[in-house]
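J.: Sequence and computational prediction follow.
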Amino acid sequence: MLSDLAQDLAARGMAVEVITSRLRYDDPDAALAPFEQVAGVSVFRVWSSRFGRRSLPGRAVDYVSFYVTAAWRLWRRAGRDAVVVAKTDPPMVSVMAAPVARLRGARLVNWLQDLFPEVASALGVRVARGPVLRLLTAWRNAGLRAADTNVVLGEHMAARVRAAGVEASRVAVIPNWADGEAIVPLARGENPLREAWGLADRFVVGYSGNLGRAHEFDTFLDAAERLGGRESVVFLFIGGGAQREAVEEAARARGLENVRFEPYQPRERLSESLGVADVHLVSLNPALEGLIVPSKFYGIAAAGRPTLFVGDVEGEIPRVLREAGCGEAVATGDGAGLAAWIARLADDADLCAAWGRNARAVLESRFDRRLAVEAWVGVL
């Protein structure tokens, strides 16, 4: 998302700089250059510790060290003609960015991919409770109120930000997006990955992206177990994350021979990797509704595939699925309901194709990259 927006703004003639860390999401030992020019964007990569995503305490140390060095770089780069966009992740960036922007006379826009510390509290992180939770929330709310604008991903998140005391005029809803030119629908016979992965004649139920702490997978595995007798149906997980090993182990423990795993795929192959599946799964812990919006839905829609959502059936993504007619939602734990929808789509190619066409249509009308950039230009 950040790469899309920064590069498109630079292409419009804006001077765009990014302050980030030298760490890679999937490889904390990678050595990235301290400075690089990328598609017209000046990228400043500051030092931080390198514990990576393997443990929460290590990630916390990485965050704190990043805040210190990023604040110093921001102080040097931000002037009175600057707009500072403080983007999560990592959490609490606005707490660091707000005072620097104020002292330097710059404007501040918070871009909220999630709401911390509520996310940590909902996930049971022990430090995010009691007095610490109240202190972190107060700091975060001060950062939100100090911003000229807070960009959020959906109406449910907007309601939470307004409830934190932020004026409605300082909250803008700009959903995440997918690039409809880079990700296009592919027919089964046009997708080389289906052949390479031995899936040419199978009905593929896909999950693509991060298998993280915010997501629930037992319902998926329960549905896979219920559909174990249908040899034509296979569940395919593409990606990684904090829960991948646990999901693999749970699938083995259940003896699920219809579940397969593949690694993250390069961005340039997203049309192929997203197009492998006939229908995609998306999940979100119901306690996180309004705190996070699963952005994987937009790539699925760009690929012209339906979505089956597991979580709060009244949530942000289920509302879009109902409005657009491109999928269905079931409650967390309803493996039987999920299996029934998968079986129906596997047996009804016309319904599956219609939902896929509707998904692509809603991407083009509401969630395409070009639309999001226009909305951002309006904010800026």
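T.: Looks like it arrived, so ask away.
J.: wait, residue 136 sits on residue 129?
T.: No - assessed by C-beta atoms under 8 Å, residue 136 is found out of contact with residue 129, at 10.2 Å. Placement of C-beta: from N, CA and C, glycine included.
J.: neighbour-wise, which of those two wins?
T.: The neighbour comparison of residue 136 against residue 129 (other C-beta atoms under 10 Å) goes to residue 136, with 20 against 13.
J.: Checking the residue lying closest to residue 37 once chain neighbours are set aside next. Helix, strand or coil?
T.: Spatial nearest neighbour of residue 37, chain neighbours left out: residue 43 (7.2 Å); criterion: C-beta to C-beta, 6 or more residues apart in numbering. Secondary structure of residue 43, reduced to three states by DSSP: H, G, I helix; E, B strand; the rest coil: strand.
J.: in this protein, what spans have low per-residue confidence?
T.: Filtered on pLDDT under 70, the chain yields the residue ranges 26, 28, 53-54.
J.: any idea how it splits into domains?
T.: Using automatic domain parsing, the domain parsing of the chain gives 2-178+369-379, 188-367.
J.: So which of those domains is the most surrounded?
T.: Of all the domains of the chain, domain 188-367 carries the top mean neighbour count, a mean of 19, counting by mean count of other C-beta atoms under 10 Å.
J.: Determine how far the last residue of that domain lies from the first.
T.: One end of domain 188-367 to the other measures 24 Å (C-alpha to C-alpha, to the nearest Å).
J.: roughly how far is it from the heart of the chain?
T.: Computed by C-alpha atoms, centre = their mean, to the nearest Å, the chain-centroid distance of domain 188-367 equals 14 Å.
J.: ok, residues contacting stretch 319-338?
T.: Applying C-beta atoms under 8 Å, 6 or more residues apart in numbering, the external contacts of stretch 319-338 come out as 216, 218-223, 225-226, 279, 283, 285-286, 297, 301, 306-313, 315, 317-318, 341, 354-356, 358-359, 361-362.
J.: I'd like to know how far the residue nearest to residue 37 sits from residue 5.
T.: 14 Å (C-beta to C-beta, to the nearest Å).
J.: And residue 268, by the same measure?
T.: As judged by C-beta to C-beta, residue 268 and residue 5 stand 19 Å apart.
J.: Ok, residue 213 next?
T.: 26 Å.
J.: Give me the contact list for stretch 112-121.
T.: 1, 87-89, 91-92, 127-129, 133, 136-137, 140, 150-153, 157, 160-161, 176, 214, 288, 290-292, 295.
J.: So which of the residues you listed sit within strands?
T.: Among the contacts of stretch 112-121, the members falling in strands (DSSP state E) are 87, 150-152.
J.: The stretch 101-250 of the chain: strands as residue ranges?
T.: 107-111, 149-152, 171-173, 203-210, 233-240 (DSSP state E, counting those that start in this stretch).
J.: The stretch 251-380 of the chain now?
T.: 259-262, 279-283, 307-311, 327-331.
J.: which one of those strands lies closest to residue 65?
T.: strand 279-283 (32.1 Å; C-beta to C-beta).
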